[in-house]
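Asker: Just the structure for this:
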Amino acid sequence: MSEDEEKVKLRRLEPAIQKFIKIVIPTDLERLRKHQINIEKYQRCRIWDKLHEEHINAGRTVQQLRSNIREMEKLCLKVRKDDVGLLKRMIDPVKEEASVATAEFLQLHLESVEELKKQFNDEETLLQPSLTRSMTVGGNVPSLILDHEFTSFYRYCR
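Answerer: Numbers count the residues shown, from 1 in each chain. The predicted structure follows:
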């Protein structure tokens, strides 16, 4: 039995693929957009606890989006070779949109972390202008924590 005989026509899997294209992935993308709006708002208003929570939730949404894309790709592997061209035309736009949205979120997250570092350093300078901390004695611990959180988040999203 050849490999193509085990696969099915696109018509048979089209309802499931359409569900991903028209419902599941757009829902994830809309949720991610809302998280991005909230992240920008909380950063502007300096509501740090909500900002942190929003970053966590947005990261989870990115993970869900990536998982849904993988599930859709698994379905696509079951389609016969002669239907692959049509299938690609169906799924490529939504995959590209998801990729762009994920990249935009990661850029926003990076900018947010940089802004937090900058604001923390500005506040630290205003509060203790005459005190300096040696990097060997303790350094800028919150900066190190932010770097660690971003690295952990980046690994989480990959």
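Asker: rest of the way, CA atoms for contacts and neighbours
Answerer: Will do.
Asker: ok, how many other residues are close to residue 72?
Answerer: Residue 72 has 21 neighbours, counted by other Cα atoms under 10 Å.
Asker: what sits against it?
Answerer: When contacts are counted by Cα atoms under 8 Å, 6 or more residues apart in numbering, residue 72 touches 17, 20.
Asker: what about it, helix or strand, and which?
Answerer: Under the criterion of DSSP states H and E, residue 72 resides in helix 48-76.
Asker: Next, the angle helix 48-76 makes with the helix or strand just after that helix.
Answerer: Tracing the chain past helix 48-76, the next element assigned as helix or strand by DSSP H and E is helix 84-127. Between helix 84-127 and helix 48-76, the angle comes out at 170 degrees (axes from the mean of the first three to the mean of the last three Cα atoms, to 10 degrees).
Asker: Against which helices or strands is helix 84-127 packed?
Answerer: Packing contacts for helix 84-127, counted by 3 or more Cα pairs under 8 Å, 6 or more residues apart in numbering; DSSP states H and E, involve helix 25-45, helix 48-76, helix 141-157.
Asker: pLDDT of that helix, averaged?
Answerer: Regarding helix 84-127, the rounded mean pLDDT is 85.
Asker: going forward can the numbers begin at 14, since that is how I track them
Answerer: I'll keep to 14 as the first residue from here, and by that count the last item is helix 97-140.
Asker: Now do the residue minimising distance to the centre of the chain against residue 50, distance only.
Answerer: The central residue of the chain, meaning the one whose C-alpha is nearest the mean C-alpha position (Cα atoms, centre = their mean), is residue 75 at 3.4 Å. The gap separating residue 75 from residue 50 is 15 Å, by Cα to Cα, to the nearest Å.
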